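> Quick one, what's the 3D model for this:
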Amino acid sequence: MWPLRLHSPPRQYYFTAMSADQYPISAYTETLGLVYFPRMLSKIRFHATQSLHADFIENMGEGLDKRLCEYLRVSYDDLHAKTLAMKSDEDVLRAAFSTGRELNDTDKLIWNHYVTKLGWRDQVTESLANRKQSSGLQDRDDIVTMIEYFEYDEGRKS
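Numbers count the residues shown, from 1 in each chain. Take a look at the predicted model:
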C-alpha cells in the first residue's frame with residue numbers, strides 16, 4: 001500500500017568531522033511520509049561538516065532540492081538554515097509546513113509518485129541516459145528512474 005512507511009525513530013544529527021566523500025542517504029528514505037526530503041537534508045548537513053562528496057556541492061539547492069522546496073513553498077535558504085539549527089528531519093519538515101504549506105496525504109502521494117518515477121519516459125529521460133553513460137551504467141536497462149540511478153551510482157545497489 002502506498003505510501004510506504006519506513007518505521008524508524010527520528011534521525012538526529014550531530015556534527016563530527018568526516019572525510020569529504022560522503023554520499024547523501026537514499027532518496028527512497030521518508031520523513032513524515034515524504035520521500036526524498038531526508039536526502040536533501042543529509043546533503044546540507046554533510047556539506048556543513050565538509051564531508052559531502054564533491055559531486056553534489058555545485059548543485060545544492062537545484063534539481064530535486066529546488067523542486068521539493070517549491071512544492072513545499074519554502075525557500076531553499078530558509079530550509080538550509082533550519083536544517084542546521086534543528087536536530088531531526090521531522091522538526092525541519094514541520095517547520096517547513098508552518099512557513100510554507102502543510103502537505104496532506106494526497107499531496108505526499110503526488111510528490112512521492114513524481115519523484116520515484118522521474119526519468120521514466122519524461123523530460124528527464126535524456127538526462128538519466130547521459131548520467132548512466134558517464135557512470136558506466138549505460139547497459140543497465142533496469143535503471144529507469146533517477147532515484148534508482150542514485151542507488152547504483154552511489155553504491156547502495158550493484
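> how near is the residue found closest to Val35 once you drop the neighbours it is linked to in the chain to Tyr36?
Of all residues not flanking Val35 in the chain, Asn112 sits nearest, at 4.5 Å (CB to CB, 6 or more residues apart in numbering). For the C-beta atoms, the positions are set from N, CA and C on the backbone; glycine is no exception. Asn112 sits 8 Å away from Tyr36, going by CB to CB, to the nearest Å.
> mind listing what Val35 touches?
Applying CB atoms under 8 Å, 6 or more residues apart in numbering, one finds that Val35 lies in contact with Pro3, Ala27, Tyr28, Thr29, Trp111, Asn112, Val115, Thr116.
> out of those, who has the most neighbours?
Ala27 (25 neighbours; other CB atoms under 10 Å).
> neighbours of the closest residue to that residue other than its chain neighbours, just the number please.
Excluding its sequence neighbours, the residue lying closest to Ala27 (CB to CB, 6+ apart) is Ile147, at 3.9 Å. Neighbours of Ile147 under the rule other CB under 10 Å: 18.
> Which residue ranges make up the domains of the chain?
28-103, 118-158 (automatic domain parsing).
> Which one, of those domains, ends up nearest to Gln22?
For these, the distance to Gln22 is smallest for domain 28-103, at 4.5 Å, taking CB to CB.
> That closest one: end-to-end distance?
Start-to-end span of domain 28-103 (CA to CA, to the nearest Å) is 18 Å.
> Could you do stretch 62-78 as well?
End-to-end distance for stretch 62-78: 14 Å, by CA to CA.
> for the residue nearest to Glu154 when sequence neighbours are not counted, what are its contacts?
Nearest residue to Glu154, sequence neighbours excluded (CB to CB, 6+ apart): Tyr23, at 4.2 Å. Contact analysis of Tyr23 by CB under 8 Å, 6+ apart lists His53, Phe56, Glu154, Gly155.
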